[in-house]
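# Next comes the sequence, and after it the predicted model I'd like to discuss.
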Amino acid sequence: MDSGQAPEDGNTTSPIWVGDRTADERPPSRPATPAAEYAPVERTSLRALLDDPRYGHLRRRVLVAVASGIVGGILFSDVRLGITCAVLGAIVDTVLRARTHSTVPAWRRAAVAERQTEAQLKRMERGGYRSLHARAIPESEAQIDHLVVGPTGVYAVDSEKWDKRLPVRVQSHRKLFHGPFNQKPRLDEARWEASRASELIGEALGREVTIIPSLAIYGPAIPWKVLTVRDVDVFDGSRVRKWITKRERSLTDAEIDEIYEAAERVLPARYPEP
């Protein structure tokens with residue numbers, strides 16, 4: 001992310017500096033609802049409660065309990081055993097949800113991760129590295145959390161805050177899992193973001209510019225230093241500086257400034273500067 005995720009749909013990123021903004025400056029995707037001066041009192045119907053997305057996990061739990069009870073009652077031909085199976089089904093669903101769900105909103109977790117990466121990147125400025133944060137990919141909902149331009153090259157870093165209770169593993173260098181959740185969509189998104197940014201900057205400069213995509217993961221233990229999965233470098237978030245600075249120099253100061261300025265033009269800021 002950590003249960004801000006859902007299986008097979010990847011993680012979404014969100015802005016840095018969210019906590020520092022006033023309500024008027026926050027992203028339109030999370031607008032504050034103005035309170036009415038005299039809010040009318042409305043009765044809540046049972047159907048409205050059932051349709052409320054906040055109670056989706058309760059609806060699922062009831063369905064699991066009912067299904068378990070029916071199956072248990074049929075298998076054992078005993079109503080009491082059926083009720084016992086229903087209770088056990090609800091308990092199992094509760095435990096599984098507790099292990100894979102976090103009460104911290106996904107956008108706040110991402111903001112924390114982005115701040116941690118930003119702090120590392122600031123310490124690299126003396127070494128000639130320049131960074132842009134939360135840059136939008138035009139004509140899409142995607143964004144690059146951190147675009148870094150420096151002596152060793154150009155990097156797209158997406159910061160991820162995942163639930164530390166769920167393990168991170170890889171299969172055949174092609175599949176990345178966080179617990180039961182396949183992160184293929186997230187990897188594909190990171191690779192596409194870097195590729196599209198490379199195209200836009202290259203068009204602005206009239207030459208090819210290579211951007212290396214990555215996922216910097218905070219939270220769970222990462223059982224490797226740096227691993228390339230589906231052409232995306234994946235590593236523990238604390239290794240961002242080393243991952244960038246340990247490479248060979250490939251850009252001059254003039255090239256760094258040129259690429260940085262082009263990126264600033266073609267990749268607009270996703271959110272207002274604080």
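Now that the structure is in, tell me what you want to look at. Residues are numbered from 1 along each chain as shown.
# State the pLDDT value of residue 268.
Reading off the confidence values, residue 268 has pLDDT 95.
# Distance check, it against residue 256.
The gap separating residue 268 from residue 256 is 20 Å, by Cβ to Cβ, to the nearest Å. Backbone N, C-alpha and C define where each C-beta goes, glycine included.
# More neighbours: which of the two?
Between residue 268 and residue 256, residue 256 has the larger neighbour count (other Cβ atoms under 10 Å), namely 18 against 12.
# right, and that one touches residue 148 too?
No: the pair residue 256 / residue 148 is not scored as a contact, 10.2 Å apart, by Cβ atoms under 8 Å.
# any shared contact partners between these two?
residue 130 (Cβ atoms under 8 Å, 6 or more residues apart in numbering).
# which intervals of the protein have sub-threshold pLDDT?
1-57, 95-110, 272-274 (pLDDT under 70).
# one more time with 80, if that's ok
Applying pLDDT under 80 to the chain flags residues 1-61, 69, 72-73, 79, 81-82, 89-90, 92-110, 271-274.
# Let me see the ranges of the helices in it.
46-51, 56-76, 79-100, 106-122, 184-205, 240-245, 253-266 (DSSP state H).
# Looking at the ones you listed, which is nearest to residue 162?
Taking Cβ to Cβ, helix 106-122 is the member of those nearest to residue 162, at 8.0 Å.
# just checking, what packs against the closest one?
Under the contact criterion of 3 or more Cβ pairs under 8 Å, 6 or more residues apart in numbering; DSSP states H and E, helix 106-122 touches strand 130-136, strand 143-150, strand 153-161, strand 211-218, helix 240-245.
# Adjacent strands (with direction) for the fourth one?
Strand pairing for strand 211-218, determined by DSSP bridges: strand 153-161 (parallel), strand 232-236 (parallel).
# Distance from the chain centre to it, please.
Offset of strand 211-218 from its chain centre (Cα atoms, centre = their mean, to the nearest Å): 11 Å.
# Extract the CA atoms of it and return them as CSV.
What follows is strand 211-218, C-alpha atoms only, in CSV (Å, rounded to 0.1, in the frame of the first residue of the first chain):
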residue,chain,number,x,y,z
ILE,A,211,13.9,7.6,-16.9
ILE,A,212,14.3,4.7,-14.5
PRO,A,213,11.0,3.7,-12.7
SER,A,214,10.9,2.5,-9.1
LEU,A,215,8.8,1.7,-6.1
ALA,A,216,10.1,2.7,-2.7
ILE,A,217,8.2,0.7,-0.1
TYR,A,218,7.8,1.7,3.5
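# Can you tell me what sits against it?
112-113, 116-117, 147, 153-162, 168, 186-187, 190-191, 193-195, 197-198, 201, 231-240, 243.
# of those residues, buried ones?
The neighbour count (16 or more other Cβ atoms under 10 Å) marks 112-113, 116-117, 147, 153-162, 168, 186-187, 190-191, 193-195, 197-198, 201, 232-237, 239-240, 243 as buried among those.
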